[in-house]
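Undergrad: quick one: sequence and predicted model below, then my questions.
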Amino acid sequence: MAQYYFDPDPVAPSNKKHVEYRVNGLNFKFVTDSAVFCKTCVDKGTDLMIQTTIDDIKKRGAGRNERLLDLGCGWGVVGIVMKSIFTLFDVTCVDVNSRAVSLAKENAGLNPKKPDRILVSDILSALPEDDLYDTVMTNPPVRAGKATVFAFYEQAKAHMKDGAAIYVVLQRKQGADSTKKKLQELFGNCEVLSIDGGYRVMKSVKTEV
């Protein structure tokens, strides 16, 4: 029986729950279910990544019509929050888990702003090659294995504009050090923006070669 949060079509019995979340002065509400990532709350890593990325974007100054990708969106927290805060951003949410994507679509209607696109995708296979983004955010599925996690970074880079940034959150015990090394190899740079409770938010920028 497929019950993991990275399974494409979970068959575990539905057991919906309601979650509330507050960030940047805004209140959000979500519906979650079984066989999705962190069904009882917004996990500490995702919360840290959201707050860190918001601060970093505000620090550099958010442009009009920037494009943001929520890679491995789960039930839609990152994409919904970022669209609600940066209302002029074009936001896309993708996840391999069809139940999670259905929840993300449901949650989009419960909150201030809806992401522009929410779709099922095995990593980024559903996106056209020329679909490029200014910002990518991901809390990668470590339980799916290192090969899958690294494929997230590789495919993300292919869909990033020159100068675009990717934000990744992981615990050190989950492989943050190996991720930092991989991001350094891929992008030629990797900065740790914040550390809290074992979680690290890392940022790499795609630079022209």
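TA: Good, I have the coordinates.
Undergrad: buried residues in the longest helix along the chain?
TA: Using DSSP state H to define each element, the chain has its longest helix at helix 44-60. Using 16 or more other CB atoms under 10 Å as the test for burial, helix 44-60 gives 45-54, 56-57. Using the backbone N, CA and C atoms, a C-beta is placed for each residue, glycine as well.
Undergrad: JSON lines for these, including distance to residue 146 and pLDDT?
TA: Formatted as JSON lines, the buried residues of helix 44-60 follow (distance: CB to CB, whole Å; pLDDT from 0 to 100):
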{"residue": "45", "distance to residue 146": "17", "pLDDT": "94"}
{"residue": "46", "distance to residue 146": "20", "pLDDT": "95"}
{"residue": "47", "distance to residue 146": "24", "pLDDT": "96"}
{"residue": "48", "distance to residue 146": "22", "pLDDT": "97"}
{"residue": "49", "distance to residue 146": "19", "pLDDT": "97"}
{"residue": "50", "distance to residue 146": "24", "pLDDT": "97"}
{"residue": "51", "distance to residue 146": "27", "pLDDT": "98"}
{"residue": "52", "distance to residue 146": "23", "pLDDT": "98"}
{"residue": "53", "distance to residue 146": "24", "pLDDT": "98"}
{"residue": "54", "distance to residue 146": "29", "pLDDT": "98"}
{"residue": "56", "distance to residue 146": "26", "pLDDT": "98"}
{"residue": "57", "distance to residue 146": "29", "pLDDT": "98"}
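Undergrad: the longest helix of the chain packs against which elements?
TA: Packing contacts for helix 44-60, counted by 3 or more CB pairs under 8 Å, 6 or more residues apart in numbering; DSSP states H and E, involve strand 17-23, helix 77-85, strand 133-138, strand 160-171, strand 191-196, strand 199-205.
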